[in-house]
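Engineer: Got a sequence here, can you model it:
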Amino acid sequence: MYTLPTSLRSLTLSYTYLPWEDMANIVKLPKLEVLKIKNYGFYGDIWRLNDGDIFNQLKFLLIRTNDLKQWKAGSVNFPMLQRVVLRTCIYLEEIPKDFGEIYTLESIELYHCRRTAANSVNEIQEEQESMGNDCLSVLIDDCSRGADHAS
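Structural biologist: Modelled structure (predicted):
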């Protein structure tokens with residue numbers, strides 16, 4: 001068990017290989033606005049957030065280079081999220097569909113991810129547009145080749 005300062009506003013984890021279950025320690029940081037998970041900062045193929053796991057102040061989330069396949073979360077977990085960036089998440093199957101209900105969400109960026117993840121982002125954008133929100137910016141780069149054979 002480890003303790004992090006509750007005053008943290010930004011946190012970057014890289015090569016720490018923490019299990020996704022340890023995210024329970026991160027979610028308790030009341031002032032966290034920026035979370036960057038790089039190069040196996042967390043390890044495992046499922047990240048599951050329960051309804052009580054709420055990043056109250058998180059605005060920016062970066063996930064880069066890991067083995068995450070399934071991300072189980074909803075809009076309730078990220079009520080203030082503005083920007084999501086996923087880089088080289090070649091195993092991630094999709095972005096949680098409920099992200100379309102995050103009213104503060106301004107952009108989702110995918111680089112070198114699976115085609116199915118890119119498709120889920122397009123569905124989220126369509127859902128936002130159907131609710132009258134045309135402010136969601138989506139950037140998908142190099143998600144159409146090669147990554148879908150990864151398993």
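
Engineer: ok, longest helix in the chain?
Structural biologist: helix 115-130 (DSSP state H).

Engineer: right, and the helix or strand after it?
Structural biologist: strand 137-141 (DSSP states H and E).

Engineer: quick one, helices of the chain?
Structural biologist: 23-27, 115-130.

Engineer: May I see the ones you listed organised as TSV, with mean neighbour count and distance to residue 143 added?
Structural biologist: Yep, even glycine has a C-beta here, placed from its N, CA and C like the rest. Output for the helices of the chain, formatted as TSV (neighbours: other CB atoms under 10 Å; distance: least, CB to CB, whole Å):
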stretch	mean neighbour count	distance to residue 143
helix 23-27	16	25
helix 115-130	17	4
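
Engineer: Quick one: closest of these to residue 94.
Structural biologist: With CB to CB, the closest approach to residue 94 among the helices of the chain belongs to helix 115-130: 3.7 Å.

Engineer: roughly how far out does that closest one sit from the chain middle?
Structural biologist: Centroid separation for helix 115-130 versus its chain: 14 Å, with CA atoms, centre = their mean, to the nearest Å.

Engineer: Output it as CSV - backbone C-alpha positions only.
Structural biologist: The C-alpha coordinates for helix 115-130 follow below in CSV (Å, rounded to 0.1, in the frame of the first residue of the first chain):
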residue,chain,number,x,y,z
ARG,A,115,-10.0,0.1,-35.7
THR,A,116,-12.8,-1.0,-33.3
ALA,A,117,-11.7,1.6,-30.8
ALA,A,118,-11.8,4.3,-33.5
ASN,A,119,-15.3,3.1,-34.5
SER,A,120,-16.5,3.5,-30.9
VAL,A,121,-15.2,7.0,-30.8
ASN,A,122,-17.1,7.8,-34.0
GLU,A,123,-20.2,6.5,-32.3
ILE,A,124,-19.6,8.7,-29.3
GLN,A,125,-19.3,11.7,-31.6
GLU,A,126,-22.5,10.8,-33.3
GLU,A,127,-24.3,10.5,-30.0
GLN,A,128,-23.0,13.9,-28.9
GLU,A,129,-24.2,15.5,-32.2
SER,A,130,-27.6,13.9,-31.8
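
Engineer: Much appreciated, bye for now.
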